[in-house]
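Engineer: This is a predicted model, with the sequence first.
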Amino acid sequence: MLFPLLLACASPQAEPGAAPFARAPTPAAHEALPLPRVGPSLSGLCDASTATRRPDGSFLVGDDERSELYPFSARGQRGKPVPLGIEGKELDIEGSARSANGIWWVASHDRGKGTQPKPDRQHLFRTNDAGVVQADVRDVWARLLAHPELGPLLRATEGTTSKDEAGFSIEALHATSDGLWLGLRAPIVDGKALLVQLTDIEAAPTVAKVLRVDLEGRGWRGLEPHGDGLYGLAGPASDDGDFRLVRVDLPNAGVDWLDVDFGTQRPEGLVSLEEGLLAISDDGKVDVGGTKCRKLPPDARRARTMWVVGPAK
């Protein structure tokens, strides 16, 4: 798809997925406008994969191609990138969640397009609101393999690319008072997506629960609490397929399907803001005048967003 590099002005009621780099309406107007609608385009990055709100109303965005975090205001103005200081070629940050003691971020732990493990992607780390790393857990994969139910499922993924539903990839994260929930993009087991609860994260990560959720053949791409609900993004294990927004009943592993058309956007993250729930599109492979977005100079890169749920009540 071809679209302009410059930010284009668009009507707030624009068709979902249209006017990819449109400016968002001002926050004061949000409650009166229909949903879904185009949100602010995030400048300076294309491979936006996850985001978490900070106490001042701004939010931090993770990019799955870079080992740094990107701060944005609620209106989409970008601040100075924050290097994480974690060594490795590519962390592949995919999920984030606010907890009582900071923000947790999870790397995919996957094999990428290949079939061999990538140690650089095996991080589950916690930062403060400034993006400074406070803890880094490196043995999640080993802990998952040790679980009697989950271990056999994950060993069966060995030698398979993460872009296959029989492969392995973590792409969503949710924090509760009991620990963290990992949402797996793959494997998809008997047509169902996996949610894995971890407890004792920093001492000795322990698998407490494994839930199988019917996402109609899709895997998890994002999880985010908003108001009194937990919302999730369901998407294909491969790069091709449609994305859906669901409301998640975590104790019972049930979902309610929400009527949201993402158009050409590929949402991989959700962030709960005062103005509403914002879905963030991974646009790294979008064609911009014959060049993939991720290959453009930093100042020309953009990631699209969409408001999908109104302000929390």
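Structural biologist: Okay, I see it. No experiment lies behind these values; they were computed from the predicted model shown. Numbering: from 1, shown residues only.

Engineer: Strands of the stretch 201-313 of the chain, start to end?
Structural biologist: Ranges of strands within the stretch 201-313 of the chain are 206-213, 219-226, 229-235, 244-249, 254-258, 267-273, 276-281, 287-288, 291-292, 302-303, 305-309, based on DSSP state E, counting those that start in this stretch.

Engineer: average pLDDT for the last one?
Structural biologist: In this model, strand 305-309 has an average pLDDT of 97.

Engineer: didn't Ser169 look like it was pressed against Ile188?
Structural biologist: No - using Cβ atoms under 8 Å as the test, Ser169 is too far from Ile188 to be in contact (10.7 Å). The C-beta positions use only the backbone N, C-alpha and C, and glycine is treated the same way.

Engineer: shared neighbours of these two, anything?
Structural biologist: Jointly contacting Ser169 and Ile188 under the rule Cβ atoms under 8 Å, 6 or more residues apart in numbering are 219, 237.

Engineer: Of these two, which one has the most company?
Structural biologist: Legend: neighbour count by other Cβ atoms under 10 Å for Ser169 and Ile188, higher for Ser169 (25 against 22).

Engineer: what's near enough to touch that one?
Structural biologist: Ser169 makes contact with 94, 108-110, 162, 184-186, 219, 237, according to Cβ under 8 Å, 6+ apart.

Engineer: let's see it at 7 Å
Structural biologist: For Ser169, the contacting residues are 108, 110, 162, 184-186, by Cβ atoms under 7 Å, 6 or more residues apart in numbering.

Engineer: In which helix or strand does the residue lying farthest from the centre of the chain reside?
Structural biologist: Ranked by distance from the centre of the chain (Cα atoms, centre = their mean), the top residue is Pro148, with 27.8 Å. Pro148 belongs to no helix or strand when elements are defined using DSSP states H and E.

Engineer: what do you get for the one 3 residues further on?
Structural biologist: Taking DSSP H and E as the criterion, Gly151 maps to helix 150-155.

Engineer: Give the next helix or strand downstream of that helix.
Structural biologist: Downstream of helix 150-155, the next assigned helix or strand under DSSP H and E is strand 169-176.

Engineer: Buried residues, that following strand. List them.
Structural biologist: By 16 or more other Cβ atoms under 10 Å, the buried positions in strand 169-176 come out as 169-175.

Engineer: before we move on, the earlier item: from the contacts of Ser169, which shows the smallest pLDDT?
Structural biologist: Ser162 (92).

Engineer: which ones are touching that one?
Structural biologist: Contacts of Ser162 (Cβ under 7 Å, 6+ apart): 108, 110-112, 168-169, 186.

Engineer: now, the most widely separated pair of those residues?
Structural biologist: Maximum pairwise distance among the contacts of Ser162 (Cβ to Cβ): 12.4 Å, between Gly112 and Ala186.

Engineer: the more surrounded of these two?
Structural biologist: Just comparing Gly112 and Ala186: by other Cβ under 10 Å the higher neighbour count belongs to Ala186, 26 against 18.

Engineer: And the more buried one, how far from Leu194?
Structural biologist: Using Cβ to Cβ, to the nearest Å, we find Ala186 at a distance of 9 Å from Leu194.

Engineer: ditto for Gly112
Structural biologist: 20 Å.

Engineer: Number of residues surrounding the nearest residue to Gly310 once chain neighbours are set aside?
Structural biologist: Computed as Cβ to Cβ, 6 or more residues apart in numbering, the closest residue to Gly310 that is not its neighbour in sequence is Gly276, at 5.0 Å. Using other Cβ under 10 Å, Gly276 has 23 neighbouring residues.

Engineer: ditto for Ile201
Structural biologist: By the measure other Cβ under 10 Å, the count of residues near Ile201 is 18.

Engineer: List the contacts of it.
Structural biologist: Per Cβ under 7 Å, 6+ apart, neighbours of Ile201: 137, 179-180.

Engineer: Check it and give its pLDDT.
Structural biologist: Model confidence at Ile201 (pLDDT) stands at 97.
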